[in-house]
Structures are given as structure tokens and as C-alpha cells.
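Asker: Quick one, structure for this:
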Amino acid sequence: MPDFTDEPWLAEDTAQLRLYALTGGRTRPARALGLVSRVRAAPGLAPSIGDRLGPESAQVLELCGREPRSVAEIAGRLGVPVQVTKILLSDLLDSHVLVPAHPPREADGSDPLLLEAALEGLRSL
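Answerer: Take a look at the predicted model:
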């Protein structure tokens, strides 16, 4: 039987294990989310909901509590890969902690961000 006591744990090994645990081993989100898809905290959430979430989920809720955030921005702020972020956001959407953030009806139709979001939505069809 090999003796592993002398081999140090590598930081990259533990990082991969952490991401695997965070996604439950899943590699695809249940919902189609693009880089510019925006989410926000669901209205009327109890203030204590963050206490019942994992650390990353609580951080997402804190980020999205004041204003909608894009998938890319959330991934950057969490410091995790986009695909992992999509799985995490998909779970939070399914549990009604987050809701999709749609642009307001009076939004400027020539806004580049709005056009990019529309293009991303069409590509996902």
C-alpha cells in the first residue's frame, strides 16, 4: 500500500475538488445562461436566507441584492470559472432565490448592452 503522508497537497488539486463539490459534479447548468444574462435577488426574500446558503451562493445573493449582475461579472467577482458560475446561478434561479433581470420596457433600443443581450438570447435558441 502506498504511503501518501510525505506528498504535499497541491493547491490546484484542492481548487478542483472545491469546484467539483460546489457543482455537485455537474458540468452543465439546468438553465441556458449566456455571459450577458443578468440576474437579481428575488423580491421579498427573508433577510436570513443568506445564512442558509453556501458561501458562494450567499456571496451571489449579496452581489445581486442591490442591482442586477451579469453572469460574467458574477464569475469574475467570485473568482470561479464561468461554467461553474452558470451552474450555481441556475440552482439559485430554480430555488427562487434569484430571478432573471430583464431590461426595463423604456430601455433605449440602441443600447449596445441591450443589443448584445438580445443577440446572446437569439444564439441560445
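
Asker: And the lowest mean pLDDT element among the helices and strands of the protein?
Answerer: Across the helices and strands of the chain, mean pLDDT, DSSP states H and E gives its lowest value to helix 11-23, namely a mean of 64.

Asker: Show residues contacting the helix or strand following that helix.
Answerer: Once the chain leaves helix 11-23, the next helix or strand it forms, by DSSP states H and E, is strand 38-41. The contact list for strand 38-41 (Cβ atoms under 8 Å, 6 or more residues apart in numbering) reads 61, 64-65, 67-71, 74, 89, 92-93, 97-101, 117. For glycine as for every other residue, the C-beta is placed from the backbone atoms N, C-alpha and C.

Asker: If we use 10 Å, what do you get?
Answerer: 33, 49-50, 60-74, 89-90, 92-93, 97-103, 113, 117 (Cβ atoms under 10 Å, 6 or more residues apart in numbering).

Asker: now it, how far from the chain's geometric center?
Answerer: Relative to the chain's own centre, strand 38-41 is displaced by 10 Å; criterion: Cα atoms, centre = their mean, to the nearest Å.

Asker: Stretch 78-85 now?
Answerer: Here stretch 78-85 is found 7 Å from its chain centre; the criterion is Cα atoms, centre = their mean.

Asker: measure it end to end?
Answerer: By Cα to Cα, to the nearest Å, the extent of stretch 78-85 from end to end equals 8 Å.

Asker: For that stretch, give the mean pLDDT please.
Answerer: Stretch 78-85 carries an average pLDDT of 90.

Asker: how about that stretch: buried residues?
Answerer: Residues 78, 80, 83, 84, 85 are the ones in stretch 78-85 that count as buried (16 or more other Cβ atoms under 10 Å).

Asker: biggest separation within those residues, which pair?
Answerer: Spanning the widest gap among the buried residues of stretch 78-85 are 78 and 83, at 12.3 Å by Cβ to Cβ.

Asker: coming back round to it: just the buried members of the contacts of strand 38-41?
Answerer: Buried among these by 16+ other Cβ under 10 Å: 33, 50, 60-61, 63-64, 68-71, 73-74, 89-90, 92-93, 97-98, 101, 117.

Asker: Walking through this protein, point out its helices one by one.
Answerer: 11-23, 55-64, 71-78, 82-94, 112-123 (DSSP state H).
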